[in-house]
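Chemist: Have a look at this prediction, sequence included:
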Number of protein chains: 2
Amino acid sequence: MTTIDDVAKAAGVSASTVSYVLSGKRTISAPTRARVERAIEKLGYRPHAGARALASARTAVIALMVPLRVGVNVPVIMQFVAGVVTRARDFEHDVLLLTQDDVSGLDRVTSGSMVDALVMMDIEADDPRVPLVAAAKQPTVLIGLPQDPEGLSCVDLDFEAAGRVAVRHLVGTGHTDLALIGSPPEVLRRHTSYAERLMRGLRDQAAGSGAAVTVEACDSTPSGAVQAVDTLLDTAPDTTGVIVHNEAALPHVLARLAERGRVPGTDVSVVAVCPTDVALAQRIPMTSIDLPAEDIGKVAVDMVMARLGGDQPSETRLLAPVLTERASSAPGPAAR
Amino acid sequence: MTTIDDVAKAAGVSASTVSYVLSGKRTISAPTRARVERAIEKLGYRPHAGARALASARTAVIALMVPLRVGVNVPVIMQFVAGVVTRARDFEHDVLLLTQDDVSGLDRVTSGSMVDALVMMDIEADDPRVPLVAAAKQPTVLIGLPQDPEGLSCVDLDFEAAGRVAVRHLVGTGHTDLALIGSPPEVLRRHTSYAERLMRGLRDQAAGSGAAVTVEACDSTPSGAVQAVDTLLDTAPDTTGVIVHNEAALPHVLARLAERGRVPGTDVSVVAVCPTDVALAQRIPMTSIDLPAEDIGKVAVDMVMARLGGDQPSETRLLAPVLTERASSAPGPAAR
DNA sequence: GTGAAAGCGCTAACAG
DNA sequence: CTGTTAGCGCTTTCAC
């Protein structure tokens, strides 16, 4: 293994000079720098990460805690992850993967100084991990909103605004009987805040527009989708405007609506809340409110890195929803 | 930050004793051990990962290189990842996430001693990463088979055997006109070996059984599935036995077959090669050959850990395919 | 503009 | 069974 001393010797300088060439923390004369760089190149030198972490108290690694077991919106999760990893690389950081259920992992990586910062996904209203990371010495960013952020920073789509935008779109195109086909019951039970925020926006705007809105939870399975649609059409048969917030169930919801004589884009108007690529991968291109998962991941890293630098105050960033109209929209009764 | 010396002081022993209590590398008297453990507990002591890595040349981290490009077997990839992460934790290791396109990451984590070992997914026949990791000081396990493993260990499903098993099942239930609806063209072009191995097994067994087999590549999109089915039925309209190896396209293949008057489980027999949960999440439960993604991930970690210990020789492990018959199977012409 | 030297916190001989 | 000590490879004062 080649060390910094080997490089120093080869370049005829001291180890500290090599260190400073690498870090750029002090000015080095052009010739010296050139000699050092040549030596580094020639010897294929790479600083030892552990030694560096020990001496500098920086690891160039951030921890990312991901829900790996849910099985549901896995592709969406991967988009968050992709955003986090690529942005972390922009900051010359690597990503240590922690799984959601490994709560002790937080203490391990945190107290053991394995990482410089943390990003946590899938935050519940009353998440037990929040107090843990709030007490850590590393800055943390949450993707999602807990009830009490305890001074931590958060990012997420503004689901409440998304609910309003969806209702506004449907009401604006002539629909007055609306429905939400949403998250699985377990998600609601856990009080994952995005589900509740979406519903709040939906209901607020519906109340203001004189529209009715029925809410159905929906298992992320084919049969769950069928059941949700069937229940919905039994309870509220006049529904013509449907909002779907469940990536996995979406294709089956569309299929079932058609089977029940409500063809999406013709008889009913459907708005999906999901990443754009999911919206486009359906049988017909869906009108959708984009869930910019990758962007959210990137913003999370930006925020955590900013906090690593100075002692910025924490903040919550809610990204504004963008609705794109596509083939699943149809004029409603009031517009015909 | 509390250090090993703080603990030593609090317990009235030397730092090395604390270290040995932690590592178990030498026998400690019960009372001493108790005092040390109490001190650790009381002070909330956690060894500093960097210091440990520097002194012991062990990081307790393994690198996992994952294809994050938003291709569409994302859920399957996540299962591999879940297997790797959980098994790594069993060995008290964490996982550093590297993305496929970040080839320089290999050198970074390897030469920089950031990890003890590597696991790489999605290996192509002539993968440029293989020579890189073959030259690294850390042991590596590949998930998939390159043309030349260069002394590295590999794990994968035995896709060739899977091809044979699928054909045997279909022929055994009366089908003689078979087809494979497989990976997207790009995957084939990259010579990802599993696709080719599956085809080889398929053709071998078909030749031996006097069955015909048509092969269609298939984009992982709804329209790709439709197109593949349409082309297939135009080229080989007598097909009654279909093997599908494309998780994302599977639901749309089934739908299109039905639309074209070939109802899966009635008119045609369909065998999927995919994880069991995917097989069960279709409109009808699919006869399938399980792709035990999580197990493969676990085995990969087992292998790499074994190699970490001693200097075991490298090996290739191909997991035997298991076919489970479900509702998508139907008797063929020869059986009616 | 560059060097010397003191650690960072831990492990693992070496000694007893 | 336990303590002493010499590093592991790097960063960063302090000194010139």
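Modeler: Everything's here; your move.
Chemist: where along the stretch 101-250 of chain A do the helices fall?
Modeler: In the stretch 101-250 of chain A, the helices defined using DSSP state H, counting those that start in this stretch lie at A:103-111, A:129-134, A:159-172, A:185-189, A:193-209, A:222-235, A:250-259.
Chemist: Just confirm yes or no for the last one near chain B.
Modeler: So that's helix A:250-259. Yes: remark: helix A:250-259 sits within contact range of chain B at A:Pro251, A:Ala255, by C-beta under 8 Å from any C-beta of the partner chain. C-beta here means a position set from N, CA and C on the backbone, and glycine is covered the same way.
Chemist: ok, so what distance separates the nearest residue to A:Gln79 once chain neighbours are set aside from A:Arg197?
Modeler: Nearest residue to A:Gln79, sequence neighbours excluded (C-beta to C-beta, 6 or more residues apart in numbering or on different chains): A:Ala293, at 3.6 Å. According to C-beta to C-beta, to the nearest Å, A:Ala293 stands 16 Å off from A:Arg197.
Chemist: more neighbours, the two?
Modeler: Taking other C-beta atoms under 10 Å in any protein chain shown, A:Ala293 and A:Arg197 do not tie; A:Ala293 has more neighbours (27 against 21).
Chemist: For B:Thr221, see how far away the more buried one is.
Modeler: Distance, A:Ala293 to B:Thr221, using C-beta to C-beta: 19 Å.
Chemist: rewinding a little: any idea of the pLDDT on the residue nearest to A:Gln79?
Modeler: Listed pLDDT for A:Ala293 reads 96.
Chemist: shouldn't it be in contact with A:Pro275?
Modeler: Yes: the criterion here is C-beta atoms under 8 Å, and A:Ala293 meets it with A:Pro275 at 5.5 Å.
Chemist: anything in contact with each of these two?
Modeler: A:Val76, A:Gln79 (C-beta atoms under 8 Å, 6 or more residues apart in numbering or on different chains).
Chemist: Is the residue in the stretch 201-336 of chain A that DNA strand C sits nearest to in a helix, a strand, or coil?
Modeler: Of all residues in the stretch 201-336 of chain A, the one sitting closest to DNA strand C is A:Leu308 (18.7 Å; C-beta to the nearest atom of the strand). Secondary structure state of A:Leu308, per DSSP: H, G, I helix; E, B strand; the rest coil, is helix.
Chemist: so what's it up against?
Modeler: A:Leu308 neighbours (C-beta under 8 Å, 6+ apart): A:Asp116, A:Ala117, A:Pro139.
Chemist: A:Val115 now?
Modeler: By C-beta under 8 Å, 6+ apart, the neighbours of A:Val115 are A:Thr59, A:Val61, A:Ile62, A:Ala63, A:Leu96, A:Val109, A:Gln138.
Chemist: any idea how far it is from A:Ser153?
Modeler: Counting by C-beta to C-beta, the gap from A:Val115 to A:Ser153 is 16 Å.
Chemist: Most neighbours of all the contacts of A:Leu308, which one?
Modeler: Highest count within the contacts of A:Leu308 by other C-beta under 10 Å belongs to A:Ala117, 25 neighbours.
Chemist: That residue contacts A:Leu64, doesn't it?
Modeler: No: A:Ala117 is beyond contact range of A:Leu64, at 9.8 Å (criterion: C-beta under 8 Å).
Chemist: Check which residues of the least confident helix or strand in chain A by mean pLDDT are buried.
Modeler: Using mean pLDDT, DSSP states H and E, helix A:185-189 stands out as the lowest-scoring helix or strand of chain A, at a mean of 87. For helix A:185-189, burial by neighbour count (16 or more other C-beta atoms under 10 Å in any protein chain shown) applies to A:Val187.
Chemist: what's that helix packed up against?
Modeler: helix A:193-209 (3 or more C-beta pairs under 8 Å, 6 or more residues apart in numbering or on different chains; DSSP states H and E).
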